[in-house]
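> Fold the stuff below for me.
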Amino acid sequence: FLAYYYVAFRLAGFAAQRVSFLGTLAFALVLPLLPVIGGGLPVAGLPSVTYVAEPFFYTGGAEVETAASSWSWFTVLPWLYLTGLAFFLARTLVQWKGLWHWVSSGTTDRYDGYRVVRHGNINGPFVAFGCIFLPTEMTDADLEHTALIHEASHLRARHHYDTLLLTIGSLLLWFHPLFWMLRSLLATVHEYEADAAVIQRVPVRTYGLQLLHASLGPAGYPGLFSSPI
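Numbers count the residues shown, from 1 in each chain. Now for the predicted structure:
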């Protein structure tokens, strides 16, 4: 699916790219469950071959061979997978706990119908759980207004639901490098969609200069979004 994206969808609109990525991720999450949903694969109906081993009479290293044969990747891999699953689940819960701490201890107001949370420990604007998170040290009113437009457009486009699906994918497909590639591509599409919404209300030149100032300005100057420019 990712290869097909590079062939057919890379130059398509951002909405089409987003649908392609979400469909790919949903397919990847559902595909392993199909044998379970369908009652199992018809293994009994497959052709089989019976193999009769040749007689083997040497028993000098039988103990070593028995010990070696007791170790199998089929025994180790499930535990390795569950270890990674536990790690990413714990990391996600810690991140969510931090977000709820900011919600409970920060100052709140509303913008365009969405809840805005400001906290001193927030480094840059982002959205989560249907809320906009902003740093308290944003003293530039124009920059803050642009950031609010940008983040509100994420919520209006329901990007936070995509992020929830990506979180589930990071738990179940943490071992798969193509998943992290897909996650990065989808996050980039989200930013471009939000940028397209911003320049409908902010002049392109003004927004471009704000991005440059946020990226190249003095230390501590908050960025307009979480991903690198």
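
> Let me see the contact set for residue 22.
By Cβ atoms under 8 Å, 6 or more residues apart in numbering, the residues touching residue 22 are 162, 165, 186. For the C-beta atoms, the positions are set from N, CA and C on the backbone; glycine is no exception.

> hang on, the first one packs against residue 189?
Yep, that's residue 162 we're talking about. No - counting by Cβ atoms under 8 Å, residue 162 stays clear of residue 189, with 9.2 Å between them.

> Find the residues that touch each one of these two.
By Cβ under 8 Å, 6+ apart, residue 162 and residue 189 have these common neighbours: residue 18.

> Which helix or strand contains the residue positioned nearest the centre of the chain?
By Cα atoms, centre = their mean, the chain has its centre lying nearest to residue 166, at 3.6 Å. Assigned by DSSP states H and E, residue 166 belongs to helix 159-172.

> can you list the residues that contact that helix?
With contact meaning Cβ under 8 Å, 6+ apart, helix 159-172 is reached by 18, 22, 25-26, 28-29, 85, 88-89, 92, 127-130, 154, 179, 183, 186, 190, 193-194.

> Just those: which are in helices?
Among the contacts of helix 159-172, the members falling in helices (DSSP state H) are 18, 22, 25-26, 28-29, 85, 88-89, 92, 154, 179, 183, 186, 190, 193-194.

> Buried ones among those residues?
The neighbour-count test (16 or more other Cβ atoms under 10 Å) marks 18, 22, 25, 28, 88, 154, 179, 183, 186, 190, 193-194 as buried among those.

> Check pLDDT for those residues and point me to the minimum.
Lowest in pLDDT among those is residue 28, which has 88.

> Residue 179 is in contact with that residue, correct?
Yes - Residue 28 lies in contact with residue 179 (Cβ under 8 Å); the separation is 7.2 Å.

> which residues of this structure fall in helices?
2-4, 14-30, 34-37, 62-69, 73-105, 141-156, 159-172, 177-198, 204-216.

> From the contact counts, what lies against the shortest one?
Taking 3 or more Cβ pairs under 8 Å, 6 or more residues apart in numbering; DSSP states H and E as contact, the helices and strands that helix 2-4 lies on are helix 177-198.

> where does the protein dip in pLDDT?
By pLDDT under 70, the weakly predicted segments of the chain are 36-71, 217-229.

> at 50 instead, please
For the chain, residues meeting the criterion pLDDT under 50 lie at 219-220, 227.

> circling back: for residue 116, find the nearest of the helices of the chain.
Nearest to residue 116 among those is helix 141-156; the distance by Cβ to Cβ comes to 7.2 Å.

> what sits up against the closest one?
With contacts defined as Cβ under 8 Å, 6+ apart, helix 141-156 is touched by 111-112, 114, 116, 125-127, 130, 132-134, 138, 160, 190, 193-195, 197-198, 201-202, 206-207, 210, 213-214, 222, 224-225.

> Tell me the buried residues in it?
Burial within helix 141-156, assessed by neighbour count using 16+ other Cβ under 10 Å, is assigned to 143-144, 146-155.

> can you put these in CSV and add distance to residue 100?
Formatted as CSV, these follow (distance: Cβ to Cβ, whole Å):
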residue, distance to residue 100
143, 27
144, 23
146, 27
147, 22
148, 22
149, 26
150, 23
151, 18
152, 21
153, 24
154, 19
155, 18
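
> and of those residues, the nearest to residue 5?
Closest to residue 5 out of the buried residues of helix 141-156 is residue 154 (21.9 Å), distances taken as Cβ to Cβ.

> Now do the closest residue to residue 173 other than its chain neighbours against residue 186, distance only.
Nearest in space to residue 173, with sequence neighbours left out and distances taken as Cβ to Cβ, 6 or more residues apart in numbering, is residue 179 at 4.1 Å. To residue 186, residue 179 is 11 Å away according to Cβ to Cβ, to the nearest Å.
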